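Q: Structural data only, the sequence is not supplied:
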């Protein structure tokens, strides 16, 4: 997580006329120990927010030229009187991530995995300086601070990408939150916290598929395994076409996934705007419940689905 010390160093660079500085100079200017300064620089480099190079005996540090850092640079330059490191670090970063729309404090607490006391405290701080406004119990970012939502999402996405690229190549993100993400890649990953999912693992759930699709992984610290309900949601986020909807129907029947559990997981995996995951899951459940009476172009005829299920030795 990007903490206040990280933003303090970034802010100092943004406000400084120097484009690059040595560790010892940064330590003196920030009144930090060289050890602490070196650690913060290393963590920022790990996130991809700064870059370093060796010059003689000293390591020179400079800002990475990525979009969220450039956006942050513009904001801090224009509002130099505001304590952005204190406002957006830590839990503030998570709250701003989810202020893409008007939300209540309860919604923000649930999405950011923060206590309501922490959320109210941070919202009070943001309201006090005019960054956030409130209307009918819902909070929103005020103009011209709406760019903070883009900055926080950009920083977190960049951090996620840097982490994933340590283990895989040719990465494409499918879904992400502030602390989880689902992505496609061309590599096999065995690192802790990365769980293989999607079409490649249907065989592990007794629904073997003939597919050459890329590998998909969920990076999370919240689960220890992928459940059938999770797999349905991941697959629909990866590809919600008719072929994969049929595969998901087979998986649902093979494991007799509870309707409420599946709907709950669909709500959890907040999809991209182009994928109405709860709506698709609702269609699949209604299709099974009515034995195909509710038909769409992306769902098979019931008799065809019965035949496919029979081939997989699945009883409807």
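A: Done, it's in. In this text the structure is predicted, and so the values were computed from the model without any measurement.

Q: For residue 294, list the residues it contacts.
A: With contact set as CB atoms under 8 Å, 6 or more residues apart in numbering, residue 294 has these partners: 283, 286-287. In this view, the C-beta of every residue, glycine as well, is placed from N, C-alpha and C.

Q: again, only this time at 6 Å
A: The neighbours of residue 294, taking CB atoms under 6 Å, 6 or more residues apart in numbering as the test, are 286-287.

Q: Three-state assignment for it, please.
A: coil (DSSP: H, G, I helix; E, B strand; the rest coil).

Q: Where do the helices of the stretch 51-200 of the chain begin and end?
A: When assigned using DSSP state H, counting those that start in this stretch, the helices of the stretch 51-200 of the chain occupy the ranges 67-78, 84-88, 91-97, 105-112, 116-128, 147-165.

Q: Please parse the protein into its domains.
A: 4-63, 67-150, 169-311 (automatic domain parsing).

Q: Relative to residue 226, which of the helices of the stretch 51-200 of the chain is closest?
A: helix 147-165 (17.3 Å; CB to CB).

Q: now for that closest one, which elements pack on it?
A: helix 67-78, helix 91-97 (3 or more CB pairs under 6 Å, 6 or more residues apart in numbering; DSSP states H and E).

Q: Adding mean neighbour count, mean pLDDT and distance to residue 293, write those helices out as TSV.
A: Below are the helices and strands packed on helix 147-165 laid out as TSV (neighbours: other CB atoms under 10 Å; pLDDT from 0 to 100; distance: least, CB to CB, whole Å):
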stretch	mean neighbour count	mean pLDDT	distance to residue 293
helix 67-78	17	94	49
helix 91-97	24	94	42
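
Q: now the ones you listed as CSV including distance to residue 154?
A: Shown next, in CSV, are those (distance: least, CB to CB, whole Å):
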stretch, distance to residue 154
helix 67-78, 3
helix 91-97, 10
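
Q: Of all those, which one is nearest residue 2?
A: When the helices and strands packed on helix 147-165 are compared by CB to CB, helix 91-97 sits nearest residue 2, at 5.8 Å.

Q: Pull the distance from the closest one to the chain's centre.
A: 13 Å (CA atoms, centre = their mean, to the nearest Å).

Q: Next: stretch 226-233.
A: How far stretch 226-233 lies from its chain's middle: 18 Å, per CA atoms, centre = their mean.

Q: got a list of contacts for it?
A: 195, 197, 205, 248, 251, 255, 257, 261-262, 265-266, 269.

Q: in that stretch, what's buried?
A: Across stretch 226-233, burial judged by 16 or more other CB atoms under 10 Å covers 226, 228-233.

Q: Report the mean confidence score over it.
A: Stretch 226-233 shows an average pLDDT of 98 in the prediction.

Q: can you check stretch 133-142 too?
A: Average pLDDT, stretch 133-142: 96.

Q: Endpoints of it, how far apart?
A: 6 Å (CA to CA, to the nearest Å).

Q: hang on, the earlier thing: which one of the helices of the stretch 51-200 of the chain is the most hemmed in?
A: helix 91-97 (a mean of 24; mean count of other CB atoms under 10 Å).

Q: Now do it: which elements does it pack against?
A: helix 105-112, helix 116-128, helix 147-165.

Q: got a list of contacts for that helix?
A: 2, 108, 112, 114, 118, 122, 148-149, 152-153, 178.

Q: need those in JSON lines with pLDDT and distance to residue 315, can you?
A: What follows is the contacts of helix 91-97, written out as JSON lines (pLDDT from 0 to 100; distance: CB to CB, whole Å):
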{"residue": "2", "pLDDT": "86", "distance to residue 315": "51"}
{"residue": "108", "pLDDT": "96", "distance to residue 315": "44"}
{"residue": "112", "pLDDT": "93", "distance to residue 315": "43"}
{"residue": "114", "pLDDT": "94", "distance to residue 315": "45"}
{"residue": "118", "pLDDT": "96", "distance to residue 315": "49"}
{"residue": "122", "pLDDT": "95", "distance to residue 315": "52"}
{"residue": "148", "pLDDT": "96", "distance to residue 315": "53"}
{"residue": "149", "pLDDT": "94", "distance to residue 315": "48"}
{"residue": "152", "pLDDT": "95", "distance to residue 315": "48"}
{"residue": "153", "pLDDT": "95", "distance to residue 315": "45"}
{"residue": "178", "pLDDT": "94", "distance to residue 315": "42"}
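
Q: With residue 157 as the reference, measure out to residue 149.
A: According to CB to CB, to the nearest Å, residue 149 and residue 157 sit 12 Å apart.

Q: what's the answer for residue 182, then?
A: Distance of residue 182 to residue 157, computed by CB to CB: 13 Å.

Q: Report the contact partners of residue 41.
A: Residue 41 touches residue 61, counting by CB under 6 Å, 6+ apart.

Q: Having no further points to raise, I will conclude here.
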